[in-house]
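Asker: got a predicted structure plus its sequence, pasted below:
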Amino acid sequence: MIGAGPANLALAVAIEESGSRELAQSALVLEQHSDVKWQRNLLFPWARSQVSFLKDLVTLRNPQSRYSFLNYLHEQGQLDEFVNLSTFNPYRWQLSDYQQWVANSLQHVGIRYNARTERIAPRFGDDGSIVGWTVTLAGGDIVRCRDVVIGIGRDAHVPEVFRNLPADRVIHSTQYGARIAQIPADRPLRPVVIGGAQSAAEMFMALHKDLPLCEPTIVLRSVGLQNYQTSRFVNELFFPSFVDEFYSMLPEAREQVLSEMHLTNYAGLAPPFLEEIYSMLYQQKMLGQQRSVVRPLTEVVGAHAGADDVLLELRDRKTGKVEPLHCDLVLLGTGYEPGMPAMVRDLAGRLGLEEVTVSRRYRVDLGKPAWGAIYLQGVNERTHGIADSLISVLAHRSQDITTDLMDRRAAEAGLATEAKTA
């Protein structure tokens, strides 16, 4: 399993609880960092999950599991305090700590830290079929395995207009915590945040504390910062049971559902957080201490690095007028590339696959006989629905993949028995 994020941790637990010790003891998670962190660079003390704690790594699959979030709280001696919060939405740092606790609690599945995967290549048998995979790690170490599960998420999206800026002037949300810690807090910088979704707004809010002398601006193409869509009717489309329905839809119906559900996860903010931002801006205005600027209906049409700063060319979408804005730092809350991660594209090229498609159980169609398999987690929105990149379906998806792993082995054992009997 490549990556020790929520997806592969949920799968590791499902394999542990599958009843197959042989499968569990042969499983290994490769993690590029020295520990487990969820949204590593966005672990603000005040940031909360937008998803119920009941959608943890296991509960919707096995409510009796010892790996549940509630059992984590119990073992940490934090259950009473959490219950007293009267919330379904834990702090993000607490869910991150829960995931490290799960990783530490695994009894059979192994985890190897400081193991960054650089390349995955197929291994072929004498008959030309794929018999397994060779995983090459940074530093040259090699791991040979039968099946690979890729759970690394998508690649960060850096819009074209910003790609020629010096690396020290641009921070993507996936880098925020580590990069902002390297900037002296006593510098009166002019940071500009690009984007109108949760990660952009969180960076905008965090800058006020992390760089207390800065004067931040947030630039967004939409009419203003907006709520997530939180209708309970629409939320039913995040049920694990909806995956079957979505998978069987006509392509045009899938496109409509994905389009209409855009504001349930993208380009929106959690309502309580939106209120906090508005209150902060209100206080600044009323007290005559205007420090922060929100620029809606605005897009960046040019970005140029100077000797001492960055010049952004901003186009007002209301009038079409273009005007300059000088800044010291550009922070991108621009999300992720919609396509497959570079690692998956590289592997597809090695396999001669023009398109990457997966089964209902998330197994890649390799286009040829294969004893070894590739599974993809978190990048299958197009076929499995918008919840695929979120934590809502983790528990059930891990069961789907575990069942597929076990069914394949059972079928092969049955064939071997028949051959031996014959």
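Answerer: Arrived safely, thanks for sending. Residues are numbered from 1 along each chain as shown.
Asker: just for the stretch 51-200 of the chain, where's the confidence low?
Answerer: Along the stretch 51-200 of the chain, no part satisfies pLDDT under 70.
Asker: all strands for it, in order.
Answerer: In the stretch 51-200 of the chain, the strands defined using DSSP state E, counting those that start in this stretch lie at 110-112, 117-124, 130-137, 142-145, 148-150, 170-172, 191-194.
Asker: pipe the ones you listed into CSV and attach mean neighbour count and distance to residue 262 per row.
Answerer: C-beta here means a position set from N, CA and C on the backbone, and glycine is covered the same way. Formatted as CSV, the strands of the stretch 51-200 of the chain follow (neighbours: other Cβ atoms under 10 Å; distance: least, Cβ to Cβ, whole Å):
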stretch, mean neighbour count, distance to residue 262
strand 110-112, 15, 35
strand 117-124, 16, 31
strand 130-137, 17, 35
strand 142-145, 14, 37
strand 148-150, 24, 25
strand 170-172, 22, 21
strand 191-194, 25, 18
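Asker: residues making contact with stretch 198-213?
Answerer: Residues from elsewhere that reach stretch 198-213, judged by Cβ atoms under 8 Å, 6 or more residues apart in numbering: 42, 44, 47, 50, 173, 176, 180, 183, 185-189, 191, 193-194, 214, 216, 218, 220, 225, 268-270, 273-274, 276-277, 280, 291-292, 331-335.
Asker: one step back: to residue 346, which of the strands of the stretch 51-200 of the chain lies closest?
Answerer: Nearest of the strands of the stretch 51-200 of the chain to residue 346, taken as Cβ to Cβ: strand 117-124 at 6.8 Å.
Asker: got the angle between the closest one and strand 130-137?
Answerer: Interaxial angle, strand 117-124 versus strand 130-137 (axes from the mean of the first three to the mean of the last three Cα atoms, to 10 degrees): 160 degrees.
Asker: strand 117-124 pairs with which strands, and in what direction?
Answerer: strand 130-137 (antiparallel) (DSSP bridges).
Asker: just how off-centre is the partner strand within its chain?
Answerer: Relative to the centre of its chain, strand 130-137 is centred 24 Å away, using Cα atoms, centre = their mean, to the nearest Å.
Asker: neighbours of residue 247, how many?
Answerer: Residues contacting residue 247 under the criterion other Cβ atoms under 10 Å number 15.
Asker: if you could redo that for residue 125, that was the one I meant.
Answerer: Neighbours of residue 125 under the rule other Cβ under 10 Å: 13.
Asker: grab the nearest non-local neighbour of it.
Answerer: Closest residue to residue 125 apart from its sequence neighbours, by Cβ to Cβ, 6 or more residues apart in numbering: residue 131 at 4.3 Å.
Asker: ok, now residue 138?
Answerer: In space, residue 138 comes closest to residue 116 once its chain neighbours are excluded; the distance is 4.3 Å by Cβ to Cβ, 6+ apart.
Asker: thought that neighbour was touching residue 140?
Answerer: No - in this structure, residue 116 is not within contact of residue 140 by Cβ atoms under 8 Å, at 11.7 Å.
Asker: of those two, who's got more company?
Answerer: The residue with more neighbours, out of residue 116 and residue 140, is residue 116; 12 against 7, by other Cβ under 10 Å.
Asker: let me see the contact set for the more buried one.
Answerer: Residues near residue 116 by Cβ under 8 Å, 6+ apart: 32, 137-138.
Asker: make CSV out of the residues you listed and add distance to residue 81.
Answerer: Listed next are the contacts of residue 116 as CSV, based on distance: Cβ to Cβ, whole Å:
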residue, distance to residue 81
32, 33
137, 40
138, 40
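Asker: just these now: which is nearest residue 310?
Answerer: Nearest to residue 310 among the contacts of residue 116, counting by Cβ to Cβ, is residue 32 at 30.0 Å.
Asker: can you count the residues close to the closest one?
Answerer: For residue 32, the count of nearby residues is 16 (other Cβ under 10 Å).
Asker: does residue 24 touch residue 18 like I think?
Answerer: Yes - contact status for residue 24 versus residue 18: in contact at 6.9 Å, counting by Cβ under 8 Å.
Asker: between those two, who's got more neighbours?
Answerer: Counted by other Cβ under 10 Å, residue 24 and residue 18 do not tie: residue 24 has more neighbours, with 21 against 18.
Asker: one step back: select only the buried ones of the contacts of stretch 198-213 in ChimeraX?
Answerer: With 16 or more other Cβ atoms under 10 Å as the criterion, this ChimeraX line picks the buried residues out of these:
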select :42,44,47,50,173,176,180,183,189,191,193,194,214,216,218,220,225,268,269,270,273,274,277,292,331,332,333,334,335
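Asker: quick one, what contacts residue 57?
Answerer: Applying Cβ under 8 Å, 6+ apart, we find residue 57 in contact with 6, 9-10, 13, 67-69, 99, 102, 394-395, 398.
Asker: er, residue 323 I mean
Answerer: Counting by Cβ under 8 Å, 6+ apart, residue 323 has contacts 313-314, 316.
Asker: over to residue 14?
Answerer: So, once contact is read as Cβ under 8 Å, 6+ apart, residue 14 ends up touching 58, 61, 395, 398-399, 401-402.
Asker: how about the nearest residue to it, chain neighbours excluded?
Answerer: residue 398 (3.8 Å).
Asker: quick one on the thing from earlier: need the contacts of residue 14 in TSV with secondary structure, can you?
Answerer: Formatted as TSV, the contacts of residue 14 follow (DSSP: H, G, I helix; E, B strand; the rest coil):
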residue	secondary structure
58	coil
61	coil
395	helix
398	helix
399	helix
401	helix
402	helix
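Asker: nearest to residue 155 among those residues?
Answerer: When the contacts of residue 14 are compared against residue 155 (criterion: Cβ to Cβ), the nearest one is residue 401, at 22.2 Å.
Asker: now do the domain split for the protein, please.
Answerer: Following automatic domain parsing, one gets these domains for the chain: 6-155+337-421, 160-228+265-332.
Asker: quote the end-to-end distance of stretch 40-50.
Answerer: One end of stretch 40-50 to the other measures 16 Å (Cα to Cα, to the nearest Å).
Asker: centre of the chain to the helix or strand harbouring residue 209, how far?
Answerer: If you go by DSSP states H and E, residue 209 is part of helix 198-210. Distance of helix 198-210 from the chain centroid (Cα atoms, centre = their mean) equals 19 Å.
Asker: what packs against the helix or strand following that helix?
Answerer: Counting by DSSP H and E, the next helix or strand C-terminal to helix 198-210 is strand 217-219. The contact analysis (3 or more Cβ pairs under 8 Å, 6 or more residues apart in numbering; DSSP states H and E) places strand 217-219 against strand 191-194, helix 198-210, strand 293-295, strand 298-305.
Asker: many thanks, have a good one.
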